[in-house]
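please work out how this folds:
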Amino acid sequence: MMAEDKILLVARYSEGDMDENEIANFKTQLQDDVELQQNLKEYQNIHQSLKMQLANDESDQRFKQHLNTLGRQHFSEEVKVISFRPYKKWLPAVAAILVVGLLLWAPWNSSLYSNYADNGQMLITERGAAQQTNLDVAASFYNDKDYVAAEKLLEREYLANLQNEMVGYYYGIALIETHQEEVARTVLTKIYIGESAFKYDAAYYIALSYLKEDKNTDCIAWLKKIPPGTGRYAKATELLTKL
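Below is the predicted model:
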């Protein structure tokens with residue numbers, strides 16, 4: 001499914017333009033589609049911003065009219081034809097914002113988070129088993145950047161041994177990548193307050209979890225916890241100059 005199709009699905013779902021079967025199918029797809037989850041989150045944020053910022057004065061009316069034009073032009077040129085009730089009220093303005101703002105600019109693709117989230121490879125040091133273990137499979141998913149599948153397996157391993165900081169670290173990253181930042185911070189903070197080799201890596205990813213949510217003050221506070229001489233210090237210092 002192309003990116004614009006997913007954006008359109010999100011808009012239809014959010015604005016109540018789906019029947020019961022379509023809603024059920026959308027929710028099923030949403031469970032395992034990280035891009036669709038991100039699109040829904042962005043849509044909700046933009047939709048709320050529109051409600052808060054667009055008043056009924058003359059300048060805003062002109063702005064809305066401009067969005068209407070953008071929505072009609074873009075949907076007529078770029079998006080596959082889908083049977084709609086003719087131009088529901090939500091489509092011209094909000095969908096234009098989504099298409100122009102999310103699809104064309106694609107802010108998350110070039111975000112600071114994407115630039116600084118060097119997730120690396122999950123290396124399994126414990127070998128010797130005759131067959132692949134659950135952790136081996138989780139590492140394979142993680143290294144292929146299938147964070148949805150990796151997170152499910154890593155959660156099982158983490159809950160089986162809460163003291164395994166290596167598993168906790170990669171589980172935390174997988175949680176961030178699947179938009180579960182708050183849970184990730186709980187896992188990673190436990191590592192940070194300890195004395196493992198992952199201590200400052202955990203701090204770095206806690207900072208990135210806040211960055212991903214546009215909480216720059218919290219991000220900066222955690223980046224400053226990373227001392228000189230540690231592996232993440234150079235990247236943390238560089239990121240600080242951009243916030």
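
what about residue 171, neighbour count?
Neighbour count of residue 171, defined by other Cβ atoms under 10 Å: 27. Using the backbone N, CA and C atoms, a C-beta is placed for each residue, glycine as well.

that one sits in which helix or strand?
Secondary-structure assignment from DSSP states H and E places residue 171 in helix 165-177.

residues making contact with that helix?
Contacts to helix 165-177, defined as Cβ atoms under 8 Å, 6 or more residues apart in numbering, come from residues 34, 117, 119, 122, 125, 135, 138-139, 142, 147, 150-151, 154-155, 157-158, 161-162, 181, 183-185, 187-188, 190-191, 194, 196-198, 201-202, 205, 208-209, 212.

which elements pack onto the helix or strand where residue 234 lies?
Using DSSP H and E, residue 234 sits within helix 233-240. Judged by 3 or more Cβ pairs under 8 Å, 6 or more residues apart in numbering; DSSP states H and E, helix 233-240 is in contact with helix 112-116, helix 199-212, helix 216-223.

for the shortest one, list every residue counted as buried.
I take that to be helix 112-116. Of all the residues in helix 112-116, those buried under the rule 16 or more other Cβ atoms under 10 Å are 112-113, 116.

among the contacts of helix 165-177, which are located in strands?
Using DSSP state E, no member of those falls in strands.

filter the residues you listed down to just the ones in helices.
If you go by DSSP state H, the contacts of helix 165-177 have 34, 135, 138-139, 142, 147, 150-151, 154-155, 157-158, 181, 183-185, 187-188, 190-191, 201-202, 205, 208-209, 212 in helices.
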